[in-house]
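Trainee: Need coordinates for the following:
(chains A and B)
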Amino acid sequence: MTEITRRDFLKLGAAGTAGLAIPIANPLGFDLAAAKKRALEARISGAKEVHSICPYCAVGCALIAYTKESNGKTQLLQIEGDPDSPVNEGRLCPKGATAMQLAVSSRRVEHPMYRAAGSAKWEEKSWDFVLDKIAQNIKASRDNTFVAQDANGNVVNRTEGIAFAGGAAFSSEEGYFATKVMRALGLVHIEQQARV
Amino acid sequence: MTNHWRDIKHADVILINGANPAEAHPVGFQWFVKAKLDPTKGPGSGGGAKIIHADPRYTRTSALSDMYLRIRTGTDVAYFGGLINYVIQNKLYHEDYVKNYTNASFIVKEGFDFKDGLFSGYNASTRSYDISTWGYETEGTTPLDGPPGATAPRAKRDMTLQDPRSVFQLMAKHYSRYTPEMVSSITGIPVDQFTQVAKIVGEMGKPDKVMTIVYAVGLTHHTTGGQLIRSGALLQLLLGNMGRPGGGMNAERGHANIQGNTDHAISWEILPGYLRIPAPGQKNLDQYVQLNAPKRSDPNSWNFFGINYRNFMVSLLKAWYGGKATKDNEYAYDFIPKPAVNSSWMSIYDQALKGKMEGVLLSGMTATSIGPDSNQVLQALANLKWLVVMDAFPTTSSEFWRAPGMDAAKINTEVFMLPATHWIEKDGSFVNSGRWSQWKEQVLPPEGDARHDHWITADLFDRVKTLYKQQGGKFPDPIMALTLDYKDPKKPELDEIAKEINGKDLKTGSQMTSFANLKDDGTTTAGDWIYTGSYPDAGNLMKRRNGIQNPQQNDPTGMGFYPQWAWSWPLNRRVMYNRASADLDGKPWDPKRPGIQWNGTTWMGDVPDYPATMNPKDPAAWLPFIMNGEGVGRLFSNSMLDGPFPEHYEPYEAPIPNPLHPSQSEDPVAFLYDQAAGRPNRFGKVDKYPYVATSYRLTEHEHYITQQVPLLVGLQPQAFVEVPEELAKEKGINNGDRVRVFSERGKLEVSALVTKRLGPVTLAGNKKVYQIGIPIHWGFIGVSAELAGERAKYWLANALTPMVGDVGARTPEFKAFLVNIEKI
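Mentor: You can find the predicted model right below:
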């Protein structure tokens, strides 16, 4: 039997929409695959192909996401491994293969939430409410803990009482921007997942 | 990684330590299997690469390995040290490489010594080393870049490697103690098994053979973490395997973008591109460069990083402070904050416990679950004035005030939970373990009210700036001066930021194409010099997608570099240090696996880690390792604070005294947070906690976020620990029983998975020690916890782990600590 790679399989999927010629009449050699092909075709037919990268570990598997616009909303139909990638060649692990359920989830935090000192509950707040309050906190803590010169007279211009941590899961450009802003605020406690 | 995922298929031998790629990086593991199934690879006459897995636990990686070694967690320095000793004693090292491409021939200063577990210069009261004796003997001078006539001392060398004070001889002496018997005594690996491995590894010093070492946080999460990695690197240098396809030291990163955001310096001790954060007392750029840039110690050393350090720093300052960064104000050097003390992860919570930290912003990280010492972290969070969590889902940090055992009424921390978008809702790059910066597109619009992390940061910054404008306050200058040259400063596009990171020529307005062209006169910018070249005027190279759809066209060398798939730093180079893949004349050590080669006029192959047209036969040609002052790989280094050669030290909680030097059992300079802060040192002793524990990840989960993914929770629904069969029998524990695992710091109450995958090791001749395995993923938040209710009360694995870190990186000792276990 001819060996069928994932890439061939996807070509088959694309055949219906893109009209690619398949050189062998029935390269899969068994009927189930033809059925799968039809199912796949039906599912992603007419969908937009968008390229992404898996959000979990750092192998960096390339993903193809298929989306469709309906009623003014973008609907995510399917996420699968990108067969062109020299890293994963279309393959995904259980985490990557279920990325859809991370992408679209009813478990997301929906609105900004605030928990006051001593309170036992969250309160839903507007973005303006939380951002204003945090900005005031940042300014107050910065002014409280800012050291312009140390005991030896060295100019150090540092904010000792605020820390920022994060970034292993967001884009590099966001990380660069966070570093830039946090250093401008004088932060010295800046960390991410690298050592933990 | 010095190399990249696909490159692993070129290896003849793959050593895996402190890692479980088949389960934690399954798709990357295909390249290991490709090497194993390739009959042209392998020791001797081939037949497939040999995979050798040393791990406390038999995993699916072990199942596909040729040899599995049950090693006691945290003892890999002894394992690599034993291999180094075997290679030296049997003269199996790659002699040409060692002589010409490493500092083996350098003469070390009189006064350097190692005795009773301590290197020269130890100060017990400060728990630190004076490293002044860890340097080279010098003779004469070498020209220095800078003012004409400037020189630096030239390191003395003995190319015969016979001088007793040569790095090579000192190294041979240092590791002569690591006999197979000693290795076995420390690691628990039987002598005959170790010897078998040593024979296979020893073959990898032949120029036409190559070995890779792959590791993950099983090596880094120790008080000897930095030295564990270095011990592997030393072995690779001896065997001549650094810089070569199929070789290198390859770290498997655990999160999609740890690499990218380390590069961009969300890390206390660096600025973007691994420039060091200035220290107090480094008063101006001259002093900063003088004290931080590598220095040339040989006339043939290019010292590329050293001579460009100032160009990179000034270009960064120009990117951040634009017109406010001028020659007259040292390009706003004073705007960069200068930390007095270590400010890394554990220090944040240590400062909070001391009442010195007022506010913490967490963006996609959860302090509580990550730990170490989660119970103490909860106390630290309760000591803050305010906590901001930006995340797509609730976390054990956003909800810390209602964690089991916490009394919300007594916690005065104001907590903000800001709904952030996640990966699918934004574009931007993720950088994988192999340094490939791969651009992703936005697939979906932000869900509901969610906002991008960087838009939240930009908006907050804007509001803070307004407050300073209205009210004044401490030193607002850097806040006012920060460049925000985006169409909407409150909503910068990631594409705009990517361009800024690349940098531009301020005279022409063109994007820079190489960091070699960056200047220190304020006419160039680069937000992160190692990414310069990723976004030239022609466009964003990280978006490139010329992959395996056309190997003939897209992989012209056939070596799997795929230079037009995404972009990798530096300068799209796929294998770092690749000058060392060729001999002195520029011929590949192994013609079947070339990295780069000299064709008489130019270097061909991968993007050379070397001037493209520098003739290797020119007597003035640079040495191969262009980034450090010596120009060669360092077998001996004074850049580590805990010793110039890696040495085995026991974890802070260990079942035996160190067989090498019981009087100095642990690393003498590791940082003990509790002790340093005047809190009780809560280390457990072996009489009360007789079992060694280690923690790890499962295939189906990634840290804590997958607790929000029902399909994955379905695959691994509840917290458990793995208990070796013999120990379970001793303790009357059956598979599925609920057990309590406890350390001096906290406890877990979870199910027991009784398994053959773990078993006892025999240490120090006759001491039988059990190891217990603890997956890290569960806590009091997520689908599992909701289903388990009260049973999820004690599910935080890091409630057990100690707050101690290695001296350089301050990486916590997550992977080796002592516990006890009982049936509930």
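Trainee: how many neighbours does B:P680 have?
Mentor: By other Cβ atoms under 10 Å in any protein chain shown, the residues close to B:P680 number 8. Backbone N, C-alpha and C define where each C-beta goes, glycine included.
Trainee: Tell me who's in contact with it.
Mentor: Neighbouring residues of B:P680 by Cβ atoms under 8 Å, 6 or more residues apart in numbering or on different chains: B:D674.
Trainee: Any figure for the gap between it and chain A?
Mentor: Distance of B:P680 to chain A, computed by Cβ to the nearest Cβ, to the nearest Å: 23 Å.
Trainee: Now that residue: which helix or strand?
Mentor: Following DSSP states H and E, one finds B:P680 outside all helices and strands.
Trainee: what's the straight distance from one end of stretch B:604-618 to the other?
Mentor: Distance across stretch B:604-618, first residue to last, is 18 Å (Cα to Cα, to the nearest Å).
Trainee: Ignore what I typed, I meant stretch B:809-824.
Mentor: 38 Å.
Trainee: likewise stretch B:89-99?
Mentor: One end of stretch B:89-99 to the other measures 16 Å (Cα to Cα).
Trainee: So for that stretch, what gets flagged as buried?
Mentor: Neighbour counts over stretch B:89-99 (16 or more other Cβ atoms under 10 Å in any protein chain shown) mark B:92-94, B:97-99 as buried.
Trainee: and what of stretch B:674-683?
Mentor: Residues of stretch B:674-683 classed as buried under the neighbour-count rule (16+ other Cβ under 10 Å) are B:674, B:682-683.
Trainee: And the pLDDT at residue 141?
Mentor: All of this refers to chain A. pLDDT recorded at A:S141 is 98.
Trainee: meant chain B actually
Mentor: 84.
Trainee: Quickly find the element holding it.
Mentor: Assigned by DSSP H and E, B:T141 belongs to strand B:138-143.
Trainee: just B:Q597 next, same as before
Mentor: Going by DSSP H and E, B:Q597 is in strand B:596-598.
Trainee: Distance from the chain centre to that strand, please.
Mentor: Between the centre of strand B:596-598 and the centre of its chain there are 29 Å (Cα atoms, centre = their mean, to the nearest Å).
Trainee: Check which helices and strands that strand is in contact with.
Mentor: Using 3 or more Cβ pairs under 8 Å, 6 or more residues apart in numbering or on different chains; DSSP states H and E, the elements in contact with strand B:596-598 are strand B:603-605.
Trainee: quick one: the helices in chain A?
Mentor: A:6-18, A:31-44, A:94-97, A:99-103, A:127-145, A:172-184 (DSSP state H).
Trainee: strands paired with the strand holding B:Q597, and their directions?
Mentor: strand B:603-605 (antiparallel) (DSSP bridges).
Trainee: who touches B:P616 in this structure?
Mentor: The contact partners of B:P616, taken as Cβ under 8 Å, 6+ apart, are B:582, B:584-586, B:598.
Trainee: B:S695 too?
Mentor: B:773-776, B:797-798, B:801, B:814-815.
Trainee: and chain A, what are its domains?
Mentor: A:6-103, A:113-195 (automatic domain parsing).
Trainee: start to end distance for the last one?
Mentor: The separation between the terminal residues of domain A:113-195, taken as Cα to Cα, is 30 Å.
Trainee: just how off-centre is that domain within its chain?
Mentor: 23 Å.
Trainee: now the residue lying farthest from the centre of chain B: how far from chain A?
Mentor: Centroid-distance maximum for chain B: B:Q470 at 43.2 Å, with Cα atoms, centre = their mean. From B:Q470 across to chain A, the span is 10 Å (Cβ to the nearest Cβ).
Trainee: follow-up on the earlier one: can you pick out the ones from the buried residues of stretch B:89-99 that are in helices?
Mentor: Within those, residues falling in helices by DSSP H are B:97-99.
Trainee: Can you pull out the low-pLDDT segments for chain A?
Mentor: A:1-31 (pLDDT under 70).
Trainee: follow-up on the earlier one: ok, the ones in helices among the buried residues of stretch B:89-99 vs chain A, which is closest?
Mentor: For these, the residue nearest chain A by Cβ to the nearest Cβ is B:Y97; the value is 28.6 Å.
Trainee: buried sites along stretch B:154-161?
Mentor: B:154-158, B:161.
Trainee: Turn the residues you listed into TSV, columns for distance to chain A and secondary structure.
Mentor: Below are those laid out as TSV (distance: Cβ to the nearest Cβ, whole Å; DSSP: H, G, I helix; E, B strand; the rest coil):
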residue	distance to chain A	secondary structure
B:R154	33	strand
B:A155	32	strand
B:K156	36	coil
B:R157	35	strand
B:D158	38	coil
B:L161	36	coil
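Trainee: Report the two of the residues you listed separated the most.
Mentor: Using Cβ to Cβ, the two most remote members of those are B:R154 and B:L161, lying 18.4 Å apart.
Trainee: Show me where the stretch 451-600 of chain B has its helices.
Mentor: With DSSP state H, counting those that start in this stretch as the criterion, the stretch 451-600 of chain B has helices at B:453-471, B:477-481, B:494-502, B:551-554.
Trainee: so which of those helices is the most packed in?
Mentor: For these, the largest average neighbour count (mean count of other Cβ atoms under 10 Å in any protein chain shown) is found in helix B:494-502, namely a mean of 23.
Trainee: Can you tell me what sits against that helix?
Mentor: Defining contact as Cβ under 8 Å, 6+ apart, one finds that helix B:494-502 is touched by A:171-174, A:176-177, B:264, B:272, B:319, B:426-429, B:454, B:485-487, B:511-512, B:525-528, B:531-536, B:540, B:542.
Trainee: Return the angle between stretch directions for it and helix B:453-471.
Mentor: 80 degrees (axes from the mean of the first three to the mean of the last three Cα atoms, to 10 degrees).
Trainee: pull the CA atoms of helix B:494-502 into PDB?
Mentor: The C-alpha trace of helix B:494-502 is given here as PDB (Å, rounded to 0.1, in the frame of the first residue of the first chain):
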ATOM      1  CA  LEU B 494       2.500  43.900  17.800                       C
ATOM      2  CA  ASP B 495       3.700  44.500  14.200                       C
ATOM      3  CA  GLU B 496       4.800  48.000  15.200                       C
ATOM      4  CA  ILE B 497       6.600  46.600  18.300                       C
ATOM      5  CA  ALA B 498       8.300  43.900  16.200                       C
ATOM      6  CA  LYS B 499       9.700  46.700  14.000                       C
ATOM      7  CA  GLU B 500      10.900  48.600  17.100                       C
ATOM      8  CA  ILE B 501      12.600  45.500  18.400                       C
ATOM      9  CA  ASN B 502      14.500  45.100  15.100                       C
END
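Trainee: got the angle for it vs helix A:172-184?
Mentor: 60 degrees.
Trainee: re the thing from before, next one, pLDDT for the residue farthest from the centre of chain B please.
Mentor: pLDDT, B:Q470: 98.
Trainee: Also B:D298?
Mentor: At B:D298, the pLDDT recorded in the model is 89.
Trainee: Skipping its backbone neighbours, what lies nearest it in space?
Mentor: Ranked by Cβ to Cβ, 6 or more residues apart in numbering or on different chains and with sequence neighbours excluded, the top spatial neighbour of B:D298 is B:G631, at 5.3 Å.
Trainee: ok, longest strand in the chain?
Mentor: No chain specified, so I'll use chain A. The longest strand of chain A (DSSP state E) is strand A:155-166.
Trainee: wrong one, chain B
Mentor: Using DSSP E to define each element, chain B has its longest strand at strand B:747-755.
Trainee: Give the partner strands of that one in its sheet and their orientations.
Mentor: By DSSP bridges, strand B:747-755 pairs with strand B:720-724 (parallel), strand B:738-742 (antiparallel).
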